[in-house]
Structures are given as structure tokens and as C-alpha cells.
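S.K.: Sharing a sequence plus its predicted fold:
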There are 4 protein chains.
Amino acid sequence: MDLSECYKKVRQRTEDICSPLQTEDYVVQPVVDVSPPKWHIGHTTWFFETFILKPYFMGYQEYDSNFNYVFNSYYETVGNRVIRTDRGNLSRPTVIEIQLYRKYLDDAMYNFLSEGVTDDVKELLVLGLNHEEQHQELLLTDIKYILGNNPLFPAYSLDYKTPEIDHTDAGMITLDEGIYEIGFNGEGFSFDNEHNRHKVYLNSFAISPNLVTNAEYIEFIEAGGYHDFRHWHAAGWDWVNTNKAEAPMYWHNIDGQWHNYTYHGLQPVTAHQPVCHISYYEAYAYASWKGLRLPTEFEWEAASNQFKWGSRWEWTESSYLPYPGFAKAPGAIGEYNGKFMVGQKVLRGASEVTSPDHSRNTYRNFFQPELRWQFTGIRLAK
Amino acid sequence: MDLSECYKKVRQRTEDICSPLQTEDYVVQPVVDVSPPKWHIGHTTWFFETFILKPYFMGYQEYDSNFNYVFNSYYETVGNRVIRTDRGNLSRPTVIEIQLYRKYLDDAMYNFLSEGVTDDVKELLVLGLNHEEQHQELLLTDIKYILGNNPLFPAYSLDYKTPEIDHTDAGMITLDEGIYEIGFNGEGFSFDNEHNRHKVYLNSFAISPNLVTNAEYIEFIEAGGYHDFRHWHAAGWDWVNTNKAEAPMYWHNIDGQWHNYTYHGLQPVTAHQPVCHISYYEAYAYASWKGLRLPTEFEWEAASNQFKWGSRWEWTESSYLPYPGFAKAPGAIGEYNGKFMVGQKVLRGASEVTSPDHSRNTYRNFFQPELRWQFTGIRLAK
Amino acid sequence: MDLSECYKKVRQRTEDICSPLQTEDYVVQPVVDVSPPKWHIGHTTWFFETFILKPYFMGYQEYDSNFNYVFNSYYETVGNRVIRTDRGNLSRPTVIEIQLYRKYLDDAMYNFLSEGVTDDVKELLVLGLNHEEQHQELLLTDIKYILGNNPLFPAYSLDYKTPEIDHTDAGMITLDEGIYEIGFNGEGFSFDNEHNRHKVYLNSFAISPNLVTNAEYIEFIEAGGYHDFRHWHAAGWDWVNTNKAEAPMYWHNIDGQWHNYTYHGLQPVTAHQPVCHISYYEAYAYASWKGLRLPTEFEWEAASNQFKWGSRWEWTESSYLPYPGFAKAPGAIGEYNGKFMVGQKVLRGASEVTSPDHSRNTYRNFFQPELRWQFTGIRLAK
Amino acid sequence: MDLSECYKKVRQRTEDICSPLQTEDYVVQPVVDVSPPKWHIGHTTWFFETFILKPYFMGYQEYDSNFNYVFNSYYETVGNRVIRTDRGNLSRPTVIEIQLYRKYLDDAMYNFLSEGVTDDVKELLVLGLNHEEQHQELLLTDIKYILGNNPLFPAYSLDYKTPEIDHTDAGMITLDEGIYEIGFNGEGFSFDNEHNRHKVYLNSFAISPNLVTNAEYIEFIEAGGYHDFRHWHAAGWDWVNTNKAEAPMYWHNIDGQWHNYTYHGLQPVTAHQPVCHISYYEAYAYASWKGLRLPTEFEWEAASNQFKWGSRWEWTESSYLPYPGFAKAPGAIGEYNGKFMVGQKVLRGASEVTSPDHSRNTYRNFFQPELRWQFTGIRLAK
């Protein structure tokens, strides 16, 4: 597929994700971690304008200089940004105005790409497309939060297909101690945080081929897991008590039956599905209650070709830290990953809402330990 | 005018106020005191449904039982309400869904009114219309806040007419000491907080026939008024420092020239206009700096037939307290005014965005001393 | 009594109040409204040094220039002050160091007074002594808070004498409508906020000769008064829910029996004692539940020679506002009262911990409506 | 040395540390992370009572059952504890009362130890003594905070000896890539978090034999390091701006000259001393500005026999996580370390206020990245 086609395909998918939304759904920001959908569609457009067209497309006319202020996310190098908590206060630019911006930018991009581009620009373009794929995932999780916290529990789309589960009755997979190579070394795109590929010494360990299911997690709830401090980190125990946590996010106990909000609306919890929307604190407490533990990201990667993954982002025990030899790119692009390498946990795998072709076993996702709005899950190790 | 016509006229004005809005403008809640326009149009509809149609219209079918939860404001008697800070998180019901609710309710109301109503119901209807007129004023002030805090400073409507100012060169009006009658005693509608009409003993006093102008207020700013604690209440001084207040709300100093956001967009401040969007703390500090004071609400009412008023809600020195003989109505309607009679200051007059026929010289508005989003102004006394 | 003797008597009483304390009790500040006792004894000393000796006693040597920074309370005119929340973080100066400062200042004062003073200075001295008497009251209430919130509930002093109650079986006292004179006009000291004496028109009203007792208040608790929003202001209802208020401050329900912390330690609540340590919100809600109301400060003063008062500061319905003709004194002394005239309610009477000779029926105390650590009570009117 | 002598020596050192304090210094808690000295001396006593005498000393009489409530720190297993922010509000028990408790407990311990103890008890005793040594370090850092944040800047003790610096002109030390053994495997006491000793694969790296000095750190300040977001983590940049950080903790710029609070009072900063009292965020930003990085805890341990350490706790790039095979002890003792293994960074080395014999190259200290009140420093790697 040529660059224009790639570009078109990725951009189109963003619009497909938004097509079931009402105009009002594009606007709100119910919590600071969730961005309004219209911000996502403006921001991904601003990214191409700022990092490709403005520096590299001779004669390009900026669409609207105010938009830099509105759609920057966290790139300190390129000017003041709307502070994140304020995004949900902005009714303008309207959805249609942003769609016009998007159209203007896309037209300019097709013109630009039709002239042929240098390798440097190609690299930026691929980064921009991967960036947009990340925002597609965020769009889906943010939309779920927006609709799932509305007292009317509206469905997002009845066409949404919940993936089939791969469950096996096989026991734990064991790996021998020794040196393993970790990090990206294949063809194609990868993020800076997957480099350098390097050696890690692992002790022998065992890891489950299955994710923890809702039925298994309900056992933990019913055994009083949320009320027994022994299984929790001190910070996790504070989190439980401050938030009065009793179950995964989106779960509601209606007349003794657990329900959860899904893209189809409020539904009874499906027993055999992998548990979803849990914090790291909950994943850790569950593992502790089972007498097991979470895998490190190195164990996960070393064993990843021996089990199926891809429906849940899986919490690992590892903190998000640079690999040996990691170096930030110069300029704003260098702000992409490195500046977040403190206070976050690594997740491995991918989830049912990850964009196609946007997952690999060296991909490192990362979130603060209390966050639950991603499609997070649990795989146990020992 | 018969009841149906009155009803139609008031309800239509709400829709006229909203007609320049984009769908997105209906949704946001940038601060807790501002409600999303779609909430206002749903809430005023819910009011008639809850207090008139459900109890009095035999066979009336509630439109949607979830809406009670969404559109209740602060009536504890009628069930849980969406906490005020959450209103801006709700993308659903959509604007169109609320407009359909509004249409359904209006049709039912016309049917109901065509059958003739008792005096009790008529009284509730008049209350409901006055309630809607209050929300029309709030709609206009909330819309100003929503657009005026957007970095693009979009105009609301170029058709909006800023009222002419009545300025006189006459000196202060003086009144003799003695007993004055205060409170409502005319025909037509009044709120419970305007009763009972009662006697108040006033010392002799003088009051200005004019409101303080922007030009006069700029003198206060330029004299360092915001930096001299001697003119401020202790609580006001904390407010200045916490909020880094330097000028009225909506004012921006651009290259040494004061601008303010108006319904026509960002405009240079007009010198001879009455100053607007100031807190009680600022009104008090300005008066102190001038060696004068604010009038009490009793002084204001006693002198009110000797000056023009109606473009600004005017801060008074009086706290919002019950008049002698004040009594709450039984039930939810009784929650209307009495429960706010602590910690608020009285404003008298009316403003340029007050609904027609919704002002009188006994009307008591009230706000916390730090609030500025209303069209508040200053009249001096001594 | 000559000035030196007056001075000595008042200063000695401060020391008497502190004599049962342990050194540690002088240091802590459990909430922002409570000051450490050592701060009170330093601050009252600083007051005389700053406003009398430094300006008027030729050749006076300031004890320690750092102490201005540490012991200023809220007088913005005389330099930076330790912000109020930080007072409890200061272990130095030590109690002994402050006692030495106190001794140094007292010696200088006696020398100064022995030379004879002008009327201006005499006026400041009397203000300083009244100021110290106010801090004596605060010392006693702050000490109660410090010990009463300690899990060991230590007694302050078994020598403390709880006053006898004056209870009468007579019914409500009624006063006719008409003009009453309000404000100070006697001999001796008064605060600026008691002036000017002025005329007020009152409707006829009735007021109870007795304070509400603990037994009566327990009826309110048992009738579910803390769980029925109808009796509360909106702000009061928020306060109840935020603070999970269920009873007056210092009350603990132990095995179904109400106890309260007293200067003698934790004791069963005495049924016939006037209820104490309640907020304005609670006083208002109790009155509403009884179908009655609180008196205004004008009603209270007009009727005050017909009932006994002096064991509780009594909440009134009045907000703390300037009387007609009120004017601040120039300079720092002028910061004494006027700057607090927003957002506070007036209390009338005096309490069992008020200093002797520091009460009169024109005295206006004032606090925010949520505060309870003073010896506050309820008198009903209608 | 026999057990009683060991016990006596460690306990005596706690009292020596406190001997220069005034009674008032024992009481205050200026920030949540600092505990009042009297709490430390009570808590270390409570530890021996709770974990040794009550379970193992037949017939032991608990000193005061209320003290469990007051002196528990974070051991959820043994009952409710005074929440950490409240410690500074407690004037009772007094310092003398706690010293009597300490004496009572020590007498009982000597009796108990004289009878001979089992290996299990011996292990607990050694843990208790190491625990007390940790609190000795905290006492010294908390005392520094209490006095160093007092506007009078009182000296702690002029007898305190600032250690000599070991500075070498040699260049960086380099280690080859390969497998290194990490974790405790010697004789004597170690904490659970130092186990299991395990293999780690390290790339080749270089590490400085010297700590970064004040003079070097001032270059960073003067180069605008605190104002250049590029060197900071996103969370660090928020920290800088929220706290308006401009220099290490305790530093004050007086007339253009940097001073810092020391145990001798406020002193000019000594250029050749290692920089101290910096957060992880600052350590990271400094390293980034130099084009270098912090070592991991594994690199530090692997190289630690080739450089001098012991005057500063040194921030590493590693997050505080369990070693392979780490297991919590059963019961309350198991709460010691494991529950903190999220959100904290590892520090290696020891500091000038670490207790003698309480340091080793496998010791893992840990703090949140924003904390600065420990004697923290910077060693660079690449």
C-alpha cells in the first residue's frame, strides 16, 4: 500500500469510530483523563499540520493559528496549550468546524504526498499514523467512559463485535532461567521506548496461558477481597477506601446480579469473559489473594509467543523505565515517551479496541496504577 | 392575555434566546455556577411537568422517568438529583431529545390549560413562568460565560442590543430619616421573599442617581485599588489574592487598552457604560476607596422611585435574610427561596438581560459575594 | 483601680488560665480556627508592644524583631504575618522564651504607666486589655478543643466550675412593635462595631426567657433532625453531609448514652444544661423543627433586660453588618472589626468562659455559621 | 556484644539524638511526611511492646492500652491507628509520659532478655533494633525539617559534625557487560526487600566516583535548569511549577548568596560539599542537563566497591520493586516493606545521619520522587 493509501485508511478509521456519535457526545470531558472526541479528531489533525506540513510543505497555509493553542496536547516545545482539565469547557470550535479543518488538512496532505517525500518525512508520517492509531484506541475508551457514566447508559453501537475468547485448559507455561533478548528488532515501525533491544537475565518462572475471567474475579469480590488490606499495596488500600471501590469500573450490582456497561448498553456480566477495567492495584491484590503474582514485562515478552494475547492490556509488575541506550529524539517529537518514565506501570499485549496492525509483543503501554478506563486485564505468574 | 398565551410567550422567549447557539454550546459547564443551556431548557420543562401536570392533569403520562433524575435542580423533596458539578458531563439526552420533551410537555400544557384551571394551579403556573424567566436571565449569563471563556471569543449574536445609558449630572438624592414601608404590596406576582411588607426605620442618607461607570472604575484600578488591602474585607482580600483579580470579569488588557468580552465578541471597554461583572467584594472596595459606601436594600427600595434602574443588578450592603413574617410554602415549592438565606448578599434592580416584566423595585436577587457572572454593578450611598 | 492595677489584673488572668497546661499543650493547632496557647500569650504581648510601647514609650527597645513576624495575627498594616495555618508548626520561640518576652514587656509597661499617660494612650490601653480579654475567652475555647480532640480526653482542670443554670417556668416574653434604640451609649469601653446607637423599627415579637437545653436538643436528634433536609439551609445541609454531623461538637454516643467532653474530661451529658457547641446551621434547624425561629440581634438587645443571659453565646438571625454611621479607626487599629463584616452571623450575650466585666447587652460577637468551638447556644423567638 | 548491650546501645542513641531538643520541638508536625519526635520515641517503644513483650513475655502487663492507638504507624493488623496527618495535633501523652513508658518498657525488656530468648525472638529483636535505627535517621531528618522551617532558624546542636568529603580527580569507573549477582548474601541482619540474591544482566556502563557538588549544582540553577522543561519528566515539571521550586530544599538566596539551613543554623552553601535535599525529579533533570543519567540500583550495587559512599542517599533510576523470590513474612511484620512497592524510587548508599552499622551496599531505601527532606544526592552514570 502506498503512503497516501495508508494515510487514507488510518484517517478513515478515526471517522468510522466517531460515526455513531451524536454531536453532544463529542464535547464532554467527564474526568481529566478522558478527552472530548472532538479534541481527539482536532489533535490528530494538528499533529500532521505541525510536524509535517508546516515545516516541510513549501507554501502551506496554516488553517487557523488559534488551533495550535486548542489542539496541542502536551508538547511544551510548540507553545501554550489548553490545560487538560479545560478541554471539556470548549464548545468551539464546533464539530463541523473541526471536520472542515480535517478535510483541509487531508487535502493538503494528499497534495504533499503526491509530490513524493524524503525518508525523514516518511518517518514522521509513519509516526503520525501510529499516533493516530493510539488516539483511535483512546477515542474508543473515552467514548465508553462518556456514555458509560451517563445515567441513561446509551449504547455506542449495536454493531460493535465483542471478540471471542481463547481459553485453554492447559496449565501454566514454564520458562527456564537464563538470558533473554528484550525489545524491538524487527522490520517496520516501533516506538523509541521499545529500544534498545538488550539482554535480560530471568529466573525460571511460570505464566498462565489464560487471562483471569469475570467468574474468577467475582470469587475474589465475594471472598471480601476489597475489604482485606493484606492483599493491597498501602497506596492501593488508600485508593480502595478513598474511592469506595467494590468491583471493576462499569460494574453495577442490580438486585444481586453484576451488570456492566458495554458498547451495547448495560448488560449482565459474562462469566467466561476476561475481567476488564481494573486498576493495577486490583490486579496486584487479586494475584496476592491467589498466592501468585503478576509477570514482569520481560517475563511477559519472553513467553509471549507461547500464549494468545490481544484482548486486554495486561498489567505487569514492571515500572515504565528506559531501556539501556534509550535516547529521546531532538525537538518536540522527543517529548513523546521519555517524559512519562516515572510513576507509571507497564502494560503489555493490546486490547480489543487497539487498532489493527498496531500491536506487537514488544509494544509498551503505560498508565498510572489507579487508572481503569482502558481495557485492562490480569495474567498471573509465579 | 389569557394563560395559554402568557405561557406561550414566555416559553417562546427561552427558545429565542437559544436560537443563535450551536449544538455544542448547549452542552458545556465551564464552572460549577454555570449550567449547560440544555439543562436549563430541560429543567424549566421538568418544572411544569413535576409541579403541575403530574399532580393536577388526570391521565398525564410522564415523558421519561429518567428525566426527573437529570433535570431536578435542588428540590430535595422530589428525589435524587444529578449533582450540580456533573451537569456538564452529560452528552445525553441530546438537545433534540430535550426539544422533543419540551414539545411534548407544551402540547400537554395547552390541553390542560384549555380545560380551565383552579386558582391553586394558576398560582403554580405563574410561579412556573416566573421561574422560567429567572432561567432566561441565567441562560443569557451562562451563555456569556461559556463563549466569553472560550479562547476564540465567539460572538453570541450581533443582533443583541446593548441598552442606552441614563446618566444625569444631578447630585446625590437625599432622604430624611424616618419609617419606611418595605416589601411587596401591589397586584400581580411576587416571590415569597418579598413578604411581608413591613416598616423599617432609616437614618437620613444620600444615594447616587447614577451607576459607577467603567471610566470611574478604571481610576480605581489605576490607583492600585486591587493592591491596597485597606479597602477590602478580609475575605475579599483573600479572594483578590487567590484569584489574582486585577479587573472585572471578562476584562483583558491588550497592549495597555482594556477590552471586555461582550455578546458581540471582544471589544474595547466603553468608558461611559456602567461597570459590570464585579463581585460584591469589588463593589465594597470601590466604595471604600471613594470614601462612600453601598446602600442597604431598604435604602435602595425607599429611594428607588427617584432614579432610573434596570441595567445592572446592584450590590447592596444587606445580607439576604427573611423579612418579618416570612414563611416557607409547604412541600417542594417551599424550597424556592428560604433555604438560601445564609451567606448571600442582596442585589436590587434588574439587569439588561432580565426578562421583560420580570422586574420591580421590591424584587430581591441574591448571590454569594464572590460571584461575578451576573450583570452586576455599583451604586454609591453615604 | 488605677491603670497599672487594671493591667496587672487582666494580664494575670491570662496566666491563671494557662497554669493547668503542660508545655506540650501550648504548641499544637489541631484546626485552623484554633491557635496554640503560646501564640495567644505571645500575641497579646506583641499587641501592647506594637501599638503602645513602640510608638509612645521613648527609648523603648524592641524585645526581638522576629517576634513581629511570629505574633502578628491579621494586622496587614504592620508587616508580614505567619499565615494562620502555620502557627501549629512552630516549636520556637518556646513557652519559656515567650514568658520571658511577656515579663520584659510587662516591666516596661509598668515603667511606662508609672509616668502617667495621655488620654490617647489610655484609650489604646483599654483597647489592649479588652483585646486580651477576648483572647482569654479564645484561650479557654482553644484549650477545650486541643484536649477534647485528644483520644485520651485529658481533663483541663478539676477546679473549673460549671455555672448554675437560671431556668424559669415563665412563658415567652412579648414586646410591642415600635421603634427601639440599639447600640452602645453608656459609660466605659465599647467596640467600634457597637456604634452608632440608632433607631430600629421592630414588629411585635416573643422571645424565650430560657435557653434550649440538652434534653430538648436530644429530642431533635432522636426525631431525626439531622436527617431531614427540610429544616436546614442548603448550605447547612451540605455542612451536615460533608461533616456527617449527628450531634453537637464534643458529643460521643457511648453504648446509647450521650457523653460530652468537658473541662473535667469526658462526662455524661447533663439534661437540664443549655445545649452548647452547636453551629448556626444547627441552631436554625432546631428552631425550624420547633416551628419557631432565632431572634434578630435587635430583638435580642431590645428584650435583653427581661431575661438572664451570659452562659452561652446565642446565635441570632442577623448577619454581621455595620451600624449606621459606623466608621473604621485610621491605621492598624481600624482593622479590628470592620474587615470581618461579610459572611458572618452575630452572636449576642456572653458565655461561661467570657472574662469578667467583658460582657454587655450591646456587645456583638460574630462567627462563620459553621463554627462550633465557642460556647454557643440557642434562644428561640417567634 | 550480648543482646542486652546491643539493645541498650541502640536505645541510648535515640535518646542522645533527642537530648538537644526543647520540649516544644517534640510536638510539631509541619508536613505530613515529618513525624513529631515524641511520636518516634513512643512508636519505637510500642514496636518492642507489641511484637515482642506482649506475645512472648509471660505475664507482661501492657503499659497503657490507649498507646496502641496513638503509636501504631501503619500496621493495619494491630488495630486502628491515629491517622498520620493528626500526629502533630496531639499534645498528650506528654514527652515525660512517653519517657516513662520508654523506661517501663526498657526495664521489662532487660528482665525478658536476662532469661534468654529463642531464635525467633532474637530475630524479632534484631528487626526491632534495625527498625529503631531507621527511626533514628528519620528523627534527625524530621528535626532538621522542624527547625529549618522555623522563621527563627534555630540551630539543632553545634556539636553536630559535618562529615569530610571524599573527592577524587579520577574519571568515571567503567564496568563490562555481563551477569552480576545482586542482593544480600552476607552474615548478619538484612531486610526482606534485599532478597533473593539473584542474577542481573548489565550492559557495559560508566559511573562517577564522586557525588555532584553544590558548586556544580549551582551551575545548573544559573543555566536556568529550573525553567527549561526539556530536562524534566512531565510529573517533575508539574512539581517544579506547583511548588515554584528554584533550588534544593533549605536553600535561601540572601542578597545574591545561596545559604542553606544546617544543624548549626543558617549558613552559606559550601561549594565543594555534595548537593543535598533534592528530589528525584531534580536529580533526573540535573543528569539530563549534563547529558548523562542516573545509575540503576543494579549498576550502583555492582560498582559500589569501587567508590566511596555513605554521605548521601543516592537517587537511582530504579523503581522500588520486589526481587525474584521476594515473599512477605506472615502477620504484621510482613507489612514492613512489600506494601510500599509501588510508586517509589530506590535510593542506594546511606547518609551522614544514618545510624552506625546500619548501612551496606545491598540496602534499599525508597521514597516518592518528590520528597527532599532526606539527605539525598546525585551520582551520575552513562
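M.R.: Perfect, I can see it now.
S.K.: Without its sequence neighbours, what residue ends up closest to whatever residue of the stretch 201-350 of chain A ends up closest to chain B?
M.R.: Among the residues of the stretch 201-350 of chain A, A:G265 lies closest to chain B, at 11.9 Å counting by CB to the nearest CB. All C-beta spots, glycine's among them, are computed from the backbone N, C-alpha and C. Sequence neighbours aside, A:A155 is the residue nearest to A:G265 in space, at 4.1 Å (criterion: CB to CB, 6 or more residues apart in numbering or on different chains).
S.K.: burial count for the nearest residue to A:I17 once chain neighbours are set aside?
M.R.: Excluding the flanking residues, the one nearest A:I17 by CB to CB, 6+ apart is A:L139, at 5.2 Å. Residues lying near A:L139 (other CB atoms under 10 Å in any protein chain shown) number 23.
S.K.: same for the helix or strand where A:L139 lies, what does it pack against?
M.R.: Assessed by DSSP states H and E, A:L139 sits inside helix A:119-148. In this structure, helix A:119-148 makes packing contacts with helix A:3-18, helix A:37-48, strand A:257-262, judged by 3 or more CB pairs under 8 Å, 6 or more residues apart in numbering or on different chains; DSSP states H and E.
S.K.: now the angle from the longest one to helix A:37-48?
M.R.: Between the direction of helix A:3-18 and that of helix A:37-48, the angle (axes from the mean of the first three to the mean of the last three CA atoms, to 10 degrees) works out to 170 degrees.
S.K.: The residue nearest to A:G265 in helix, strand or coil?
M.R.: Using DSSP: H, G, I helix; E, B strand; the rest coil, the secondary structure recorded for A:A155 is coil.
S.K.: Hmm, A:N66 is touching B:P154, no?
M.R.: No - A:N66 is beyond contact range of B:P154, at 10.9 Å (criterion: CB atoms under 8 Å).
S.K.: if we can go back for a sec, now render the helices and strands packed on helix A:119-148 as TSV, adding mean pLDDT and mean neighbour count.
M.R.: Output for these, formatted as TSV (pLDDT from 0 to 100; neighbours: other CB atoms under 10 Å in any protein chain shown):
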stretch	mean pLDDT	mean neighbour count
helix A:3-18	97	16
helix A:37-48	96	25
strand A:257-262	96	18
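S.K.: Including distance to C:K9, could those go into TSV?
M.R.: Compiled in TSV, the helices and strands packed on helix A:119-148 are given as follows (distance: least, CB to CB, whole Å):
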stretch	distance to C:K9
helix A:3-18	80
helix A:37-48	70
strand A:257-262	72
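S.K.: Which among the ones you listed is found nearest to D:S204?
M.R.: helix A:37-48 (37.4 Å; CB to CB).
S.K.: Taking their axis directions, the closest one and helix A:119-148 sit at what angle?
M.R.: Here helix A:37-48 runs at an angle of 180 degrees relative to helix A:119-148 (the same axes, to 10 degrees).
S.K.: ok, and what's touching helix A:37-48?
M.R.: A:14-15, A:18, A:21, A:25-27, A:29, A:35, A:67-68, A:70-73, A:87, A:90, A:93-95, A:98-99, A:101-102, A:105, A:109, A:125, A:128, A:131-132, A:135, A:138-139, A:142-143, A:146, B:24 (CB atoms under 8 Å, 6 or more residues apart in numbering or on different chains).
S.K.: Using neighbour counts, trim those residues to the buried set.
M.R.: A:14, A:18, A:21, A:25-27, A:29, A:35, A:67-68, A:70-73, A:87, A:90, A:93-95, A:98-99, A:101-102, A:105, A:109, A:125, A:128, A:131-132, A:135, A:138-139, A:142-143, A:146, B:24 (16 or more other CB atoms under 10 Å in any protein chain shown).
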